[in-house]
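Trainee: coords below, sequence missing:
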């Protein structure tokens, strides 16, 4: 057990340890003398080079640590706080050169000043990003988790504090420390939690929305308690001083909020046809400092004024513009000094001084487990799944920057000594370390995923709802996709639930997002009319019109903002969480008037290919060549009809395509023709590219082919038996010997259809299509699909290429059928979390 000496020498500094939470530093300093009332050397000019050196070294350390720990699923916050600790007395700070040249004690005051400026602007951004909407729509589970996550950690923090007072015989811990212990354990850092959920692609799942909603309540409650604590301490622990301070800040809120809201609306109206002026942003930045100054005059910290100002600014394009202009600078430049201050106040060298190892580890463990235990108890009471309960408990234990602000404020007010401060920093590090691995284990492992993968139409019950995730990139994808949904036979017995996702590339932000559009909210279109917003509104309006025309269809419009490189992960996770049966995506090319193709988008092509490789459910790739116009074809009796051909060869993808076409067949005035191509006598058998000397592989391939052939026969026999008396459905079998015969048969006999439905045939090589796959420009269409697109028919027809869900790496084939009637956390639907900064798209 390490003991602390009476004094310590580091370079030119001699450090005398006094009371438990303070020490004295002595050093020699040379000051030039001038015959004036002013100092000969400007203090800021003397301290600024020190600060710039500290900032540069800290940022460099942080970037290196981020590269090291990112593969280990550690968030950026872990690397930032670890960089500060490494530069502090726990590691490199013991070197005399580092303590005198990089972290000299005389630069500490300037560093803390810049740190306060950084956290002031950071708290403004936190308030700007936070929204009260989840609180107004919060469910019982999220509210109970938030309340229990505040009460139990507060009790645990108070208990740990008084346990320390009993153990510290000579100099008990300060009484005011109980407030900071309790608040630090009770807070959940909303911004860091949102960033972690975004990195794990869980922000828009029921788990993520419940965690974020509970975090908003937890944060607001803890900040209210912190305001009261600081006001009470600054008021010499007298309620007659603290209460007027709280009342004054409340009056400040209600006086300023209408003024801020009216000002922002005027700015938005002035910038209706042009971008927001920089002078408006500068005005808000000055207002941040002014609000911080006012709350300092009230006896509270400047961070509360900045936080309140962020909450006052209403949602809209103006708030988004502010975020985009200053977020990187605040987080990347102004905030890092806070991590260095935290590291310099932390000393792991004396973490066990005057205490047993068991006592210290017990305190750290109890501090880490309070929030997890409270969340688990609530989730078990509401009978939530144990796996989700554990993940939610770990997520609610996210501390982040907000916890550091509380701890540093407590340290400045001597609510912690250096040793107890180090303990709780160690607890925060441990809490942060376990978040990524635990959540990945519970919600990203193959063992967990196999319960939800391979949801498809082939195995669905006939009366089960069809849950569709329909994706569009722009309004050009709308007509064909909506008309495909219209002929998907939505009935009261088997309704269609559509999640209409507008896919938008993420630009200029650190985290992806999904915005759920509130159909009942028509006021938020406001005056911020932009081209992007108009397109989003047109997409939402089109899907809502589809819903109003189809009483058995339900539509939930949303916008997915994500980088193209990881957009498929967001789509897959959302489909997984919503138990989608099929994802409908548009082809990356657009047809032109002469039957060719134009406007090829390679980024959209990459998204499609990534989805086909990793989607947890079936996928339908729509090649729209005028499905809207052909849908209005007139039949002999004068009524509209739609002619669909389903071309069946073999395999699970073709069975899935037949299942979707079979569902369409129930649509009035729709004619379905199913053509099965059977191998003729001259077809040579294939062994799926197995080496000739691999005898076991050949037998395995033959067995798998026979198994799939049996499944094809059984499914087609069931189809033909059930539809034998349906006059709108025709089933035909054709024997062919090659892919060329398939193409010639389609061109000569089956060339007058509005829509072709085919299976992609992914992962399989059929002897009937082997000649078609020798060259491939669009492998996502499959050999037959690509041939149909490139073949000249009498009239260009649309094409739907269907693929069953991508298999898990483990090869598991367990199936979990349709969506449950209730969410995983007991509510019929977890209230949607709407990101405040993008709600103007609603």
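Mentor: Yep, that arrived. Everything numeric in this text was worked out from a predicted model, so none of it was measured.

Trainee: which strands and helices sit next to the helix or strand harbouring residue 213?
Mentor: Here residue 213, judged by DSSP states H and E, is contained in helix 206-234. Using 3 or more CB pairs under 8 Å, 6 or more residues apart in numbering; DSSP states H and E, the elements in contact with helix 206-234 are helix 133-136, helix 140-167, helix 177-186, helix 190-199, helix 239-270, helix 302-312, helix 386-396, helix 400-412. Backbone N, C-alpha and C define where each C-beta goes, glycine included.

Trainee: In contact with the nearest residue to residue 55 once chain neighbours are set aside: list those residues for me.
Mentor: Ranked by CB to CB, 6 or more residues apart in numbering and with sequence neighbours excluded, the top spatial neighbour of residue 55 is residue 336, at 6.3 Å. Applying CB atoms under 8 Å, 6 or more residues apart in numbering to residue 336 gives the contacts 55, 58, 59, 62, 80, 118.

Trainee: who wins for neighbours among those?
Mentor: residue 80 (26 neighbours; other CB atoms under 10 Å).

Trainee: residue contacts, the closest residue to that residue other than its chain neighbours?
Mentor: Leaving aside its sequence neighbours, residue 80 sits nearest to residue 339 (CB to CB, 6+ apart; 4.7 Å). Listed by CB under 8 Å, 6+ apart, the contact set of residue 339 reads 58, 62, 80, 81, 83, 84, 404.

Trainee: Looking at the helices and strands packed on helix 206-234, which one is packed in the most?
Mentor: helix 177-186 (a mean of 27; mean count of other CB atoms under 10 Å).

Trainee: That helix to helix 140-167, inter-axis angle?
Mentor: Helix 177-186 and helix 140-167 are oriented at 140 degrees to each other (axes from the mean of the first three to the mean of the last three CA atoms, to 10 degrees).

Trainee: Other residues contacting helix 177-186?
Mentor: 149-150, 153-158, 160-162, 218, 221-222, 225-226, 229, 232, 367, 370-371, 399, 403, 406-407, 409-410, 413, 415-416, 420, 424.

Trainee: switch the cut-off to 6 Å
Mentor: Contacts with helix 177-186, where a contact means CB atoms under 6 Å, 6 or more residues apart in numbering, come from 150, 153-154, 156-158, 161, 222, 225-226, 229, 367, 370, 403, 406-407, 410, 415-416.

Trainee: closest to residue 581 among the contacts of residue 336?
Mentor: Nearest to residue 581 among the contacts of residue 336, counting by CB to CB, is residue 80 at 42.4 Å.

Trainee: Assess the claim that residue 62 and residue 81 are in contact.
Mentor: No - the pair residue 62 and residue 81 fails to qualify as a contact (CB atoms under 6 Å) at a distance of 9.4 Å.

Trainee: how near is residue 474 to residue 555?
Mentor: Applying CB to CB, to the nearest Å, the value for residue 474 to residue 555 is 18 Å.

Trainee: With neighbour numbers in mind, choose between the two.
Mentor: More neighbours surround residue 555 than the other of residue 474 and residue 555, with 24 against 17 (other CB under 10 Å).

Trainee: Bridging across strands, which residues link to the more buried one?
Mentor: Judged by DSSP bridges, the bridge partners of residue 555 are residue 498.

Trainee: all strands for the stretch 401-550 of the chain, in order.
Mentor: 466-472, 496-505, 513-516 (DSSP state E, counting those that start in this stretch).

Trainee: in the stretch 201-350 of the chain, which segments are predicted with low confidence?
Mentor: Where the stretch 201-350 of the chain drops to pLDDT under 70, the residues are 234-242, 245, 268-277.

Trainee: Check which helices and strands the one helix or strand residue 127 maps to sits against.
Mentor: Taking DSSP H and E as the criterion, residue 127 maps to helix 108-129. If you count contacts as 3 or more CB pairs under 6 Å, 6 or more residues apart in numbering; DSSP states H and E, helix 108-129 packs onto helix 302-312, helix 336-344.

Trainee: change it to 8 Å
Mentor: helix 43-69, helix 190-199, helix 278-297, helix 302-312, helix 317-329, helix 336-344, helix 400-412.

Trainee: so which of those gets nearest residue 591?
Mentor: Here helix 317-329 is closest among these (CB to CB), at 34.6 Å.

Trainee: List the buried residues in that closest one.
Mentor: Neighbour counts over helix 317-329 (16 or more other CB atoms under 10 Å) mark 317, 318, 319, 320, 321, 322, 323, 325, 326, 327 as buried.

Trainee: again with stretch 429-437
Mentor: Buried, per 16+ other CB under 10 Å, within stretch 429-437: 429, 431, 432, 433, 435, 436.

Trainee: For the last one, give me its contacts.
Mentor: To tie it back to what came earlier, the one meant is residue 436. Contacts of residue 436 by CB under 8 Å, 6+ apart are 72, 73, 74, 75, 196, 200.

Trainee: likewise the second one?
Mentor: Applying CB under 8 Å, 6+ apart, we find residue 431 in contact with 368, 397, 398, 399.

Trainee: Equivalent analysis for residue 126, please.
Mentor: By CB under 8 Å, 6+ apart, the residues touching residue 126 are 190, 191, 307, 310, 402.
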